[in-house]
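Just a sequence and a predicted model for now, questions to come.
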Amino acid sequence: MHIYKKTQRLSLPHQLAHLTFSIAGVFDNMLCCDIYAEVRSEIFSSESKTQSSERAVDLGLAEDHFSRPVGSVVASDVEQLKQAIAECKRLILELPEHSGKQKDTVIKLIHLRLKLQELKDPEEDEPNLQVLLEHRFSKEKSKSVKQMCDKCSTIIWGLIQTWYTCTGCYYRCHSKCMNLINKPCVRSKVSHQSEYELSICPEVGLDKQDYRCAECRTPISLRGVPNEARQCDYTGQYYCSSCHWNDTAIIPARVIHNWAFEPRKVCRTSMRYLALMMSRPVLKLKEINPLLFNFVEELVEIRKLRQDILLMKPYFITCKEAMEARLLLHLQDRQHFVENDEMYSLQDLIDSSSGRLSCSLTEIHTTFAKHIKLDCEKCQAKGFMCELCKEGDILFPFDSHTSVCHDCFAVFHRDCYYDNSTTCPRCARMLERQHEDSQNP
């Protein structure tokens, strides 16, 4: 009969699940499920049944007790709160299902748990900022329960637990896990070593790792005993389930060599590193994979737009109206575009693949050209006349039908320039003048 009773009670969580979701407005569903799990484990203990009546008498937690307004707590110290919580758990299963008293009891239990947590971990004892292993941890005020602790891999109950986030790498953890952290801040690595692993999944083998996690050195194996070995597609190394949560990220090496943007599974450290490096212009495609421009038309178009923008930059630097209008701030999210035309960030390549970067640069290019050629008289005055044909409109170095002398930067019609065997008349005059000066000192 004893076994039969236990079997009957195992179905209660399924019935109580309906009650859990019916009071979702009071508390997060996940926390309620957690409470019911504790209720079930508590009710199966041998002590809970033999001592329940005594605790009810000692604490005054009879049915009349739960007629008080929600939030009133009779017990004040930690021990009394623990006993009151245990009694609430028992009464939840004894009261009629879906009844108002049962719902009120659940609410009471939640308030008791919150009160107990406040007594155990008073907020005023927790500093707002802590520095550890180059992490700068800031106390979070958010009550969200959808975060996971990066140290213990469990849920952070923001409503009842104090937790911190590193302002550098966004590492999250409970306050109780702070002293157990052994991983330095990834941002420090980004500051000292701003480069990518450019080999595709450089695997060395689990045996080379001595069958241990590459980060925390926990024993791992491909069979999952004692812990599952999970490979990071970025580093090629194997990690335990605590260091590798099967997060996915776009791998720079696969983008550069294969123009492949499918996210791959990476460890937590690699995920943070790739996220922090995403917008850093550290990829010089011309040196890493120059053939990429032969196969990806979008990159050719973007390179031309970037070259034109660099030719427009001198106009804006010397134009008061352009400086007041802050035209160059159109590229404030990609400052490297006004410095050179060779360096790319991983985000640039992702946006190139989607077509977003090409559209954005085309709009900016149009805005810049409109200012120089139409809106600003001072910029218009810095245009060129083709010295070879002396016909046509004013030319600018960024016009699509022009060619620029690499020595004196004079601008000509492209057809005129190549018909003249790319000989610049301006450079010829300068050489002739230098020759005359040398003969007549």
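Ah, there it is. Residues are numbered from 1 along each chain as shown.

For residue 369, pull up the helix or strand it's in.
Using DSSP states H and E, the element containing residue 369 is helix 356-370.

domains for the protein, by residue range?
By the assignment in automatic domain parsing, the chain contains the domains 2-120, 124-186, 194-277, 295-375, 383-441.

could you give the mean pLDDT of the longest one?
Translated: domain 2-120. For domain 2-120, the mean pLDDT works out to 56.

re the thing from before, need the next SSE after the helix holding residue 369, C-terminal direction.
Next helix or strand after helix 356-370 toward the C-terminus (DSSP H and E): helix 377-380.

so what strands line up beside the helix or strand just after that next one?
Counting by DSSP H and E, the element after helix 377-380 in chain order, helix or strand, is strand 402-404. Strand 402-404 sits in its sheet next to strand 411-413 (antiparallel), going by DSSP bridges.

Nearest residue to the middle of the protein?
residue 275 (5.1 Å; Cα atoms, centre = their mean).

What strand or helix carries it?
Going by DSSP H and E, residue 275 is part of helix 268-277.

The very next helix or strand once past that helix pairs with which strands?
Per DSSP H and E, helix 268-277 leads on to strand 283-284 as the next helix or strand towards the C-terminus. Strand pairing for strand 283-284, determined by DSSP bridges: strand 343-344 (antiparallel).

what does the helix holding residue 275 rub up against?
For helix 268-277, the external contacting residues (Cβ atoms under 8 Å, 6 or more residues apart in numbering) are 150, 169-171, 183, 186-187, 189-190, 194, 196, 215, 232, 234-235, 243-245, 247, 249-250, 252, 266, 346. Quick note: C-beta positions are derived from backbone N, CA and C, even for glycine.

From the residues you listed, which land in strands?
Residues of these located in strands (DSSP state E): 247, 249, 266.

Turn these into TSV, including pLDDT.
Formatted as TSV, these follow (pLDDT from 0 to 100):
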residue	pLDDT
247	94
249	96
266	97
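
Could you single out the nearest of those to residue 93?
Proximity of the ones in strands among the contacts of helix 268-277 to residue 93 (Cβ to Cβ) peaks at residue 247, which lies at 39.1 Å.

so that closest one touches residue 266, yeah?
Yes: applying Cβ atoms under 8 Å, one finds residue 247 in contact with residue 266, separated by 5.9 Å.

who's more crowded, those two?
Neighbour comparison, residue 247 and residue 266: the larger count goes to residue 266, with 26 against 17 (by other Cβ atoms under 10 Å).

and the more buried one, what does it touch?
By Cβ under 8 Å, 6+ apart, the residues touching residue 266 are 232, 233, 234, 235, 244, 247, 248, 249, 251, 274.

ditto for residue 374
Residues in contact with residue 374 (Cβ under 8 Å, 6+ apart) are residue 380.

pLDDT wise, what is it at?
90.

any idea how far residue 219 is from it?
In this view, residue 374 and residue 219 are 70 Å apart by Cβ to Cβ, to the nearest Å.

quick one on the thing from earlier: output the ones in strands among the contacts of helix 268-277 as JSON lines; include the columns distance to residue 406.
Below are the ones in strands among the contacts of helix 268-277 laid out as JSON lines (distance: Cβ to Cβ, whole Å):
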{"residue": "247", "distance to residue 406": "48"}
{"residue": "249", "distance to residue 406": "41"}
{"residue": "266", "distance to residue 406": "44"}
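
Closest to residue 381 out of these?
Nearest member of the ones in strands among the contacts of helix 268-277 to residue 381, counting by Cβ to Cβ, is residue 249, at 50.2 Å.

Tell me, how many residues neighbour that closest one?
Around residue 249 sit 21 other residues, with neighbours defined as other Cβ under 10 Å.

correct me, but it touches residue 261?
No: assessed by Cβ under 8 Å, residue 249 is found out of contact with residue 261, at 10.7 Å.

Residue 131 sits in which helix or strand?
Here residue 131 is assigned to strand 129-132, by DSSP H and E.

Look up how far residue 247 lies from the residue nearest to the centre of the chain.
Going from residue 275 to residue 247 by Cβ to Cβ gives 10 Å.

low pLDDT regions in the stretch 301-441 of the chain?
Residues of the stretch 301-441 of the chain that meet the criterion pLDDT under 70 lie in 441.

quick one, what contacts the closest residue to residue 325 other than its chain neighbours?
Leaving aside its sequence neighbours, residue 325 sits nearest to residue 371 (Cβ to Cβ, 6 or more residues apart in numbering; 7.6 Å). Neighbour list for residue 371: 316, 319, 321, 322, 325, 327, 379 [criterion: Cβ under 8 Å, 6+ apart].

try it again with 7 Å
The contact partners of residue 371, taken as Cβ atoms under 7 Å, 6 or more residues apart in numbering, are 322, 327, 379.

mind checking which helix or strand the first one is in?
Following DSSP H and E, one finds residue 322 within helix 320-325.

what packs against that helix?
With contacts taken as 3 or more Cβ pairs under 7 Å, 6 or more residues apart in numbering; DSSP states H and E, helix 320-325 sits against helix 297-317.

Mind listing what's buried along the helix it packs on?
Going by neighbour count (16 or more other Cβ atoms under 10 Å), the buried part of helix 297-317 is 298-299, 302-303, 305-306, 308-313, 315-316.

Turn those residues into JSON lines, columns for distance to residue 135.
Shown next, in JSON lines, are these (distance: Cβ to Cβ, whole Å):
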{"residue": "298", "distance to residue 135": "39"}
{"residue": "299", "distance to residue 135": "38"}
{"residue": "302", "distance to residue 135": "37"}
{"residue": "303", "distance to residue 135": "39"}
{"residue": "305", "distance to residue 135": "40"}
{"residue": "306", "distance to residue 135": "37"}
{"residue": "308", "distance to residue 135": "43"}
{"residue": "309", "distance to residue 135": "38"}
{"residue": "310", "distance to residue 135": "39"}
{"residue": "311", "distance to residue 135": "44"}
{"residue": "312", "distance to residue 135": "43"}
{"residue": "313", "distance to residue 135": "39"}
{"residue": "315", "distance to residue 135": "45"}
{"residue": "316", "distance to residue 135": "41"}
